[in-house]
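>>> can't give you the sequence, but here's the structure:
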């Protein structure tokens, strides 16, 4: 088993920002005496293949160099194999756009991530598992449906080159089209299927999305639970007045909002819907969501 850290670099992350910054960042890590094996992705999904192959060869230590999408792909290369094998460790060099997962621990970005590597600050992290009609995926940040997924889809399809500004543009475009609709599901402990209309639903392992939106202020990455946040069918003017609360987490105090911690969600959707999972936009027919407790070590 190699003791080197496999650095999986997505040079396209952050609109190409990663390509410009990765050399000095990796040099800083090497200068601290950390051995690196560096591989670079050239297409979407390749980080998953690289991580899967490396895990099968005995690699257990990984460094995601990019954004949330890079770490998402690596996690999906490690699981489900790592569920029944040695627990892998994942460190981060946040050179992407959102870098939402790391904001649970610091807003200092690259410097915090490098210091965590040098100090070997490791903590266990849950992995959330979504089964859908096309297969299974795993994530460590959040999955969302409704307005938040609409914003992510709009950004990916129309404003992808604008970086953080793209999130703002997507928010206001989706606000103009405001679509409040039901996503039938059954949450652990509920007596009935919830078919109520809503603005959005999020199923969280960590607190932030979109870089700075604190969508799940009570989420904990190692409590063995899904932090399920629901915001009911708020009107356009009400949402505009309350948009700032999505950034400080106080939106969960709104009369139409609710949150709870559960171990399982069962979906009863009629077909595929847009979802946003760890910064990636997918169209999925969701079936069940559950937790793999402390299945991954994160270096934070």
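Ah, there it is. Given the structure is predicted, the values throughout are model-derived calculations rather than measurements.

>>> rest of the way, CA atoms for contacts and neighbours
Noted.

>>> next structured bit after the helix or strand encompassing residue 93?
Assigned by DSSP states H and E, residue 93 falls within strand 89-94. Once strand 89-94 ends, the next helix or strand along the chain (criterion: DSSP H and E) is helix 110-119.

>>> if you count neighbours, what's buried in that next one?
Residues of helix 110-119 classed as buried: 110, 112-114, 116-117 (neighbour count, 16 or more other Cα atoms under 10 Å).

>>> got it, and stretch 274-282?
274-281.

>>> relative orientation of the helix or strand harbouring residue 28 and strand 89-94 in degrees?
Assigned by DSSP H and E, residue 28 belongs to helix 17-31. Interaxial angle, helix 17-31 versus strand 89-94 (axes from the mean of the first three to the mean of the last three Cα atoms, to 10 degrees): 120 degrees.

>>> that older thread, between the buried residues of stretch 274-282, which sits nearest residue 299?
residue 278 (17.6 Å; Cα to Cα).

>>> any idea how far residue 81 is from the closest one?
Residue 278 is 20 Å from residue 81, where distance means Cα to Cα, to the nearest Å.

>>> verify the contact between residue 242 and residue 251 for me.
Yes - using Cα atoms under 8 Å, residue 242 is in contact with residue 251, at 7.0 Å.

>>> compare these two (neighbour count), which wins?
residue 251 (23 against 15; other Cα atoms under 10 Å).

>>> please name the nearest non-neighbouring residue to that one.
Nearest residue to residue 251, sequence neighbours excluded (Cα to Cα, 6 or more residues apart in numbering): residue 245, at 4.8 Å.

>>> read off the pLDDT value for the one you found.
With respect to pLDDT, residue 245 scores 96.

>>> got the phi/psi numbers for it?
With angles defined as degrees, to the nearest 10, residue 245 sits at phi -70, psi -20.

>>> same check, this time on the one 5 residues further on
Note on residue 250: backbone dihedrals following degrees, to the nearest 10 are phi -80, psi 0.

>>> low-scoring stretches of this protein, by residue?
Along the chain, the model assigns pLDDT under 70 to residues 1-2, 163-164.

>>> any chance of the buried residues of helix 110-119 in JSON lines, plus distance to residue 195?
JSON lines is the format used below for the buried residues of helix 110-119 (distance: Cα to Cα, whole Å):
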{"residue": "110", "distance to residue 195": "42"}
{"residue": "112", "distance to residue 195": "42"}
{"residue": "113", "distance to residue 195": "41"}
{"residue": "114", "distance to residue 195": "45"}
{"residue": "116", "distance to residue 195": "43"}
{"residue": "117", "distance to residue 195": "45"}
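
>>> farthest pair in these?
Greatest spatial distance in the buried residues of helix 110-119: 110 and 117, 10.6 Å, computed using Cα to Cα.

>>> before we move on, the earlier item: isn't the residue nearest to residue 251 right up against residue 253?
No - with contact defined as Cα under 8 Å, residue 245 does not count as touching residue 253 (9.2 Å).

>>> what about the two, which has more around it?
Per other Cα under 10 Å, whichever of residue 245 and residue 253 has more neighbours is residue 245, with 18 against 11.
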